[in-house]
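Trainee: Sequence and predicted model, in that order:
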Amino acid sequence: MAAKKGVRIIITLECTECRSNSNKRSAGVSRYTTTKNRRNTTGRMEIKKFCTHCNAHTVHKEIK
């Protein structure tokens, strides 16, 4: 029997400020992993989370 593919998938969220700002304090990009329901949230997620490199709450977008 084939395994049933689940509805929830694991995604990676990346800071948008760290990615676009080249002259920041430290080299690196803040990333979080979380899950989302692929049926309810079909588009890419955007969540405000704490970035350790920016030392502030910034928008984190889903990356592939």
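Mentor: Sure, I can see it.
Trainee: Just the strands from the protein, written as ranges.
Mentor: Assigned by DSSP state E, the strands in the chain fall at 8-15, 31-37, 46-51, 56-63.
Trainee: could those strands be laid out in a markdown table, adding mean pLDDT and mean neighbour count?
Mentor: All C-beta atoms are positioned from the backbone trio N, CA, C, and that covers glycine. As requested, these are exported to a markdown table (pLDDT from 0 to 100; neighbours: other CB atoms under 10 Å):
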| stretch | mean pLDDT | mean neighbour count |
| --- | --- | --- |
| strand 8-15 | 94 | 15 |
| strand 31-37 | 94 | 13 |
| strand 46-51 | 95 | 14 |
| strand 56-63 | 94 | 15 |
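Trainee: Redo the ones you listed as JSON lines? Include distance to Asn21.
Mentor: Formatted as JSON lines, the strands of the chain follow (distance: least, CB to CB, whole Å):
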{"stretch": "strand 8-15", "distance to Asn21": "9"}
{"stretch": "strand 31-37", "distance to Asn21": "16"}
{"stretch": "strand 46-51", "distance to Asn21": "11"}
{"stretch": "strand 56-63", "distance to Asn21": "10"}
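Trainee: I'd say Gln28 and His53 touch.
Mentor: Check again: residue 28 is Gly, not Gln. Yes: assessed by CB atoms under 8 Å, Gly28 is found in contact with His53 at 5.5 Å.
Trainee: Touching both of these two, which residues are there?
Mentor: Shared contacts of Gly28 and His53 (CB atoms under 8 Å, 6 or more residues apart in numbering): Cys18.
Trainee: These two: who's more crowded?
Mentor: Using other CB atoms under 10 Å as the criterion, Gly28 and His53 rank with His53 on top: 17 against 12.
Trainee: so what's the residue nearest the centre of the chain closest to, chain neighbours aside?
Mentor: Note on the chain: the residue nearest the mean C-alpha position is Leu13, at 0.6 Å, using CA atoms, centre = their mean. Leaving aside its sequence neighbours, Leu13 sits nearest to His60 (CB to CB, 6 or more residues apart in numbering; 3.9 Å).
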